[in-house]
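Engineer: Fold the following.
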Amino acid sequence: MNVHHLELFYYVAKYEGITAAVRKMPYGIQQPAVSGQILQLEEKLGVKLFHRRPFTLTHSGEELYDFIYPFFSQLAETQKRLRGEERQHLRLAATASALRSHLPDVLESLKHQEPQLRLTLREVAPADVHSLLSSQKVDVAIGVIGGQMTEGLRAEVLLEIPCVLWVPVDSPAKTWRCLIQKDSHSKKGWIGSSPLIGLPPNEFLQQKLNQEFERQHLSWPVSVEVDSMDLICDYVLRGFGVGIGVQIPGLEVAQGVKALPLDGFSPLVIGAIFQGEPKALVRDFIKLAKQHVKSLA
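Structural biologist: Alright, predicted model coming up:
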């Protein structure tokens, strides 16, 4: 059975006639169209559903109306409820460090504005952000802005994070350039003088840093690979080498390490990424996120 035909029959039965149904239905449709589609429904079922004059439902019509009434009679109320719930529901994706460190403050402020706020929080790797947004599994994501954006996605910049080299606090190095030396096998190139602790090569941040190395004519491959930036400083403290990463505003630096700014490296641009025109709750979230970033500065 065609669901649209069932919907038309519901209104005809409810308002006791095609003419009355056409006047009172929530969308425009001409009377001949309704009559034609009701006839198609009757032909499909092989029964007569109602008598036209005076209007009365047949036994088959009453049986069908009783069956479809619970569904179609509650559609309008269900739509209102779902719209209200969707308006108060924020589906957010971000890295573990963002969900743990900064976003709780932003979301707490958002809850003050929207007491009925519902949250779905997803920890996500930077490489998975675009696919989650394109499949509409999340409303907004906090991630790195760089490279080509998937069609339909937009972004608003929240902050720029400087790239740094993490070294032991007692290291005599004053700048990161103190830790590189001329490559004896090249007249122009440079190499790192200490083992480098970094992320896997498939991580966007590590790819960006490797590109910056190339731009600086520097060869410094990762010797100790870890899957989280949180671990980099831990392994620097244990003497495995120096670590490369970013210095996130507002996060306390681990005791025993210090950051040497990677002067000349492009910063990591972090933004709110969303698809199409964001709903009001997403706009409110981005506004509060920007205010939070300003407070960090």
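Engineer: where does the stretch 101-250 of the chain dip in pLDDT?
Structural biologist: With pLDDT under 70 as the threshold, the stretch 101-250 of the chain has low-confidence stretches at 186-188, 250.
Engineer: got the residue ranges for the helices in the protein?
Structural biologist: 3-14, 18-24, 31-45, 59-73, 75-87, 96-101, 103-113, 129-134, 204-215, 229-237, 280-296 (DSSP state H).
Engineer: For Leu158, which of these is the nearest?
Structural biologist: Closest to Leu158 of those, according to C-beta to C-beta: helix 280-296, at 5.3 Å. (Each C-beta comes from the backbone N, C-alpha and C, glycine too.)
Engineer: and the angle for the closest one with helix 103-113?
Structural biologist: 130 degrees (axes from the mean of the first three to the mean of the last three C-alpha atoms, to 10 degrees).
Engineer: pretty sure Leu45 is touching Thr58, no?
Structural biologist: No - checked against C-beta atoms under 8 Å, the pair Leu45 and Thr58 is beyond contact range at 10.9 Å.
Engineer: Take the helices of the chain and write them to a markdown table, including mean neighbour count.
Structural biologist: As requested, the helices of the chain are exported to a markdown table (neighbours: other C-beta atoms under 10 Å):
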| stretch | mean neighbour count |
| --- | --- |
| helix 3-14 | 19 |
| helix 18-24 | 15 |
| helix 31-45 | 14 |
| helix 59-73 | 14 |
| helix 75-87 | 11 |
| helix 96-101 | 16 |
| helix 103-113 | 15 |
| helix 129-134 | 18 |
| helix 204-215 | 17 |
| helix 229-237 | 19 |
| helix 280-296 | 16 |
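Engineer: Include distance to Arg177 when you put these into a markdown table, please.
Structural biologist: Below are the helices of the chain laid out as a markdown table (distance: least, C-beta to C-beta, whole Å):
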| stretch | distance to Arg177 |
| --- | --- |
| helix 3-14 | 70 |
| helix 18-24 | 78 |
| helix 31-45 | 77 |
| helix 59-73 | 71 |
| helix 75-87 | 53 |
| helix 96-101 | 28 |
| helix 103-113 | 35 |
| helix 129-134 | 33 |
| helix 204-215 | 13 |
| helix 229-237 | 18 |
| helix 280-296 | 28 |
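Engineer: Pull up the distance across stretch 162-173, start to finish.
Structural biologist: Taking C-alpha to C-alpha, to the nearest Å, stretch 162-173 runs 18 Å from one end to the other.
Engineer: could you measure the nearest residue to Pro278 once chain neighbours are set aside against Leu92, distance?
Structural biologist: Computed as C-beta to C-beta, 6 or more residues apart in numbering, the closest residue to Pro278 that is not its neighbour in sequence is Val140, at 6.8 Å. Val140 sits 6 Å away from Leu92 when distances are taken as C-beta to C-beta, to the nearest Å.
Engineer: likewise Pro195?
Structural biologist: Between Pro195 and Leu92 the computed distance is 37 Å (C-beta to C-beta).
Engineer: So for those two, which sits in the more crowded spot?
Structural biologist: Neighbour comparison, Pro195 and Leu92: the larger count goes to Leu92, with 23 against 16 (by other C-beta atoms under 10 Å).
Engineer: Verify the stated contact: that one with Ala141.
Structural biologist: Yes - Leu92 is within contact range of Ala141, at 7.1 Å (criterion: C-beta under 8 Å).
Engineer: Show me whatever sits in contact with both of those two.
Structural biologist: When contacts are counted by C-beta atoms under 8 Å, 6 or more residues apart in numbering, Leu92 and Ala141 have no shared neighbour.
Engineer: contacts for stretch 103-113?
Structural biologist: The contact list for stretch 103-113 (C-beta under 8 Å, 6+ apart) reads 90, 92, 94, 117, 119, 121, 142, 281, 284-285, 288-289, 291-292.
Engineer: Can you tell me the closest non-neighbouring residue to Leu133?
Structural biologist: Nearest in space to Leu133, with sequence neighbours left out and distances taken as C-beta to C-beta, 6+ apart, is Gln275 at 5.0 Å.
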